[in-house]
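*Asks:* Quick check, what structure comes out for this input:
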Amino acid sequence: MALKPDRKYHIGTDISYFMNETAEKGEVLVFSTGGSGAAMDDANAVVTSPTTPSGKYLAGVLLTDVVNIDLTRQHINWHKDEVQLGGKVTLLRQGEITTNVIDTGVTPAIGEPAYVGYGAITSGGTPQGWASTTAVTDSSSRAAATYQLGTFKSLKDADGYAAIEVNIT
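*Replies:* Take a look at the predicted model:
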């Protein structure tokens, strides 16, 4: 589990995008392709895990697990906020979360900026977008502040969880 249940978000979620790869809640995602207009049911509106955040725009923090299961043999576990591969996902753009999806070796301080990093690979071999205290070094003209996820609101606890105030503008 990558998110603890103590979350705060009232108006900061977005349900406009599809995801075509498995992922774990708490990952930071980037835009892959976009739809036109509101794009609520446009299959071109897709988010993905970043192999590198450089040159990408942050979409948000994933609030649902994306799984690939045989739906003829079992059903989605709604109590775990699971979504089938290729389905619509919920992204957090503004709010607070407590997550352990933090780059290894990072010891955040309270009030320190949280940036998107890409320091880990999931057990399935998928690159993940992790929270980090290190700003992205971008070779393009984009500033490191573009990759700022928010602010760390706590230190890591014994299990590696820290509170982050997410504010993607």
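
*Asks:* Enumerate every residue touching the nearest residue to residue 84 once chain neighbours are set aside.
*Replies:* Nearest residue to residue 84, sequence neighbours excluded (C-beta to C-beta, 6 or more residues apart in numbering): residue 76, at 6.1 Å. C-beta: built from backbone N, CA, C; applies to glycine. By C-beta atoms under 8 Å, 6 or more residues apart in numbering, the residues touching residue 76 are 67, 69, 82, 83, 84.

*Asks:* right, and residue 42 touches residue 33 too?
*Replies:* No - judged on C-beta atoms under 8 Å, residue 42 makes no contact with residue 33 at a distance of 9.5 Å.

*Asks:* Check for me that residue 79 belongs to a strand.
*Replies:* No - Residue 79: not assigned to a strand; according to DSSP: H, G, I helix; E, B strand; the rest coil it is helix.

*Asks:* I'd like the distance between it and residue 40.
*Replies:* Here residue 79 is placed at a distance of 25 Å from residue 40 (C-beta to C-beta, to the nearest Å).

*Asks:* can you pull the buried residues of stretch 148-160?
*Replies:* In terms of neighbour count (16 or more other C-beta atoms under 10 Å), stretch 148-160 has its buried residues at 148, 149, 150, 151, 152, 153.

*Asks:* Could the C-alpha coordinates of it be exported in PDB?
*Replies:* Provided in PDB are the C-alpha atoms of stretch 148-160 (Å, rounded to 0.1, in the frame of the first residue of the first chain):
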ATOM      1  CA  GLN A 148       7.500  20.500  -8.000                       C
ATOM      2  CA  LEU A 149       4.800  18.200  -6.600                       C
ATOM      3  CA  GLY A 150       4.200  20.200  -3.400                       C
ATOM      4  CA  THR A 151       5.700  20.400   0.100                       C
ATOM      5  CA  PHE A 152       6.700  17.800   2.700                       C
ATOM      6  CA  LYS A 153       4.500  18.300   5.800                       C
ATOM      7  CA  SER A 154       6.300  15.800   8.000                       C
ATOM      8  CA  LEU A 155       9.400  13.700   8.400                       C
ATOM      9  CA  LYS A 156       9.400  10.000   7.400                       C
ATOM     10  CA  ASP A 157       8.000   7.700  10.000                       C
ATOM     11  CA  ALA A 158       9.500   4.200  10.900                       C
ATOM     12  CA  ASP A 159       7.600   2.600   7.900                       C
ATOM     13  CA  GLY A 160       8.900   5.200   5.400                       C
END
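
*Asks:* For that stretch, give me every contacting residue.
*Replies:* Counting by C-beta under 8 Å, 6+ apart, 28, 58, 61, 96, 98, 100, 102, 107-116, 131, 133, 135, 162-168 sit against stretch 148-160.

*Asks:* where does this structure have low pLDDT?
*Replies:* Along the chain, the parts satisfying pLDDT under 70 run over 1, 10, 37-39, 53-54, 118-129, 137-145.

*Asks:* All good on my end, thank you.
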